[in-house]
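>>> Sequence below, structure please.
(one chain, ligands or ions: 1)
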Amino acid sequence: MSDRAMTENFSERIILALDFPHMTEMERVLSSLRGQVRYVKVGMELFYAAGPGIITELKNRGLNVFIDLKVHDIPNTAKGAVRSLASHGADMINVHAAGGVAMMEAAREGLEQGLTAGATRPLLIGVTMLTSTSQQTMNQQIGIPGTVEETVTAYAKLTAQAGLDGVVASPLEVPLIKEAVSPSFITVTPGIRPKGTDQGDQTRITTPEDALIRLGSDYIVIGRAITAAADPSAAWENMMEQLKRGETTA
Ligand code: C5P
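Predicted coordinates for the structure are as follows:
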């Protein structure tokens, strides 16, 4: 594959987390990354500040948009929430797998109902265990026994049973998930730290090249390692260089 094709292929699979309190900050980072970033994620912080209009705003710039609101409620409410989100034209939406099969099935129905005529169906993804959660926290505070890997695998199977497209998990869990469900079951993996960047509050982390090349993540989500860098564009370029190097040595 040529360098250019390689870069384009990776760009489609790297989702930049726009975790900002308002659009001014978002504009600063997006203008620095113009032409580099293709896929963005709007989480609770920005969505609650800017409102659903942010989806159209970003789509109009040609970006793919993942709305990361991690819906978790009674099935009827989850269905309505996903219906509303789907109607705004997002490319990816997520719900918590911990909500159970009935809730995820209701969310899937909501997604179908919310689609406007002719729109591409967004991917509906289940969140397994947050990448900031360690096994100790899961066992002692959340009250789930066993290993994180066991819980993530069980949640992935429930997500597939409910007819969703894939899961959010740590890149470290991708091989297990693909084996437990199927190679085509989509994995979206945050907890990404290029070499030399700060771990922050994440615990189950890997580099972009390990996630995308060695472990087989379909999409990675990366935030502060790029957005909090003094020069986000240079940080992005550096990540792409490491990915290209990783691809040629894989
Ligand atoms: O800044 P950082 O790269 O850690 O950002 C990761 C992003 O992925 C955050 O927006 C966070 O909310 C999100 N996320 C996560 N773990 C999950 C699901 C989403 O870190 N399981």
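>>> Give me the sheet partners of the strand ranked longest in the chain and which way each runs.
The longest strand of the chain (DSSP state E) is strand 64-71. On the basis of DSSP bridges, the sheet neighbours of strand 64-71 come out as strand 39-43 (parallel), strand 92-96 (parallel).
>>> what's the distance between that strand and the middle of its chain?
8 Å (Cα atoms, centre = their mean, to the nearest Å).
>>> which residues touch it?
Applying Cβ atoms under 8 Å, 6 or more residues apart in numbering, the set of residues contacting strand 64-71 from outside is 12, 15, 17, 38-44, 47, 55, 58-59, 78, 81-82, 85, 88-96, 99, 107, 127, 188, 221. Placement of C-beta: from N, CA and C, glycine included.
>>> Intersect those residues with the contacts of the ligand.
Counting by Cβ under 6 Å from any ligand atom, 17, 43, 127, 221 from these sit close to the ligand.
>>> isn't the second one right up against Leu18?
Yes. At 7.5 Å, Gly43 and Leu18 qualify as touching, with contact defined as Cβ atoms under 8 Å.
>>> buried set for the longest strand of the chain?
For strand 64-71, burial by neighbour count (16 or more other Cβ atoms under 10 Å) applies to 64-71.
>>> So which of the residues you listed reach the ligand?
Asp68.
>>> who has more neighbours, Gly43 and Leu18?
Leu18 (27 against 18; other Cβ atoms under 10 Å).
>>> So for the residue of the chain found nearest the ligand, what's the nearest residue that isn't a sequence neighbour?
Of all residues in the chain, Gly223 sits closest to the ligand, at 2.6 Å by Cβ to the nearest ligand atom. Among residues not flanking Gly223 along the chain, Ala17 sits closest, at 3.3 Å (Cβ to Cβ, 6 or more residues apart in numbering).
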